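Colleague: my questions are about this predicted structure, shown below with the sequence.
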Amino acid sequence: MKSKKSVLIIGMLLSLAALTAGCGGSKSYADGTYEGKSEVFENEDGSEEGNGYGVVSITIKDNQIVDCTFQTYEPDGTLKGEDYGKADGAIANKDYYNKAQKAVAACEEYANMLVANGQLDGIDAISGATINYGQFQEAVKDALKQAEN
């Protein structure tokens, strides 16, 4: 019975250590708000679907990520927002528009997961927003690099 209790206590201590690790372990980060940007993604096949880059803004307080926003942009700097997926201001292809809007919505989900998780490790890609996932990862790493003490 003692060995089961010991295993339980050790497991709880490891979980607590993971939760208090802050922004990802032994690195120390300065309080403040930092912006990170991903490289421009371009499809190898030349299609424009998903092209662009991501920008993240993270706020760190006491070595913890307390706020995060993430948005994606077309290569020309146009925000991918409520009109993303439309052609000339109209929904020409409803399936494409819905897919594009799912990717836009995933940006907020990725940001919320980072605040809840406290670090990039353990954040999984969202189906239909895997390009955004790569951009998010890259932009967060860029912002955290700027915040390092």
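Modeller: Nice, I can see it. Fair warning: this is a prediction, and the values are worked out from it, not measured in the lab.

Colleague: give me the residues contacting the biggest helix by length in the chain.
Modeller: Of all segments of type helix in the chain, defined using DSSP state H, the longest is helix 94-117. With C-beta atoms under 8 Å, 6 or more residues apart in numbering as the test, helix 94-117 has contacts from 49-50, 54, 56, 58, 65-72, 80-82, 84-86, 91, 120, 123, 126, 128-129, 131-133, 136, 140. (Each C-beta comes from the backbone N, C-alpha and C, glycine too.)

Colleague: let's see which of those residues end up in strands.
Modeller: 54, 56, 58, 65-72 (DSSP state E).

Colleague: in TSV: these, plus neighbour count and distance to Asn112.
Modeller: Output for the ones in strands among the contacts of helix 94-117, formatted as TSV (neighbours: other C-beta atoms under 10 Å; distance: C-beta to C-beta, whole Å):
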residue	neighbour count	distance to Asn112
Gly54	28	15
Val56	27	12
Ile58	26	12
Ile65	26	11
Val66	13	12
Asp67	13	10
Cys68	22	8
Thr69	16	10
Phe70	24	9
Gln71	19	14
Thr72	26	16
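
Colleague: of the residues you listed, which is the nearest to Gly32?
Modeller: The closest of the ones in strands among the contacts of helix 94-117 to Gly32 turns out to be Ile58 (C-beta to C-beta; 9.3 Å).

Colleague: in the sheet, who's paired with that closest one?
Modeller: Beta-bridge pairing for Ile58 (DSSP bridges): Tyr34, Cys68.

Colleague: oh, and call the first residue 389 from now on, that's how I've got it
Modeller: Renumbered: residue one is now 389, and that last one reads Ile446.
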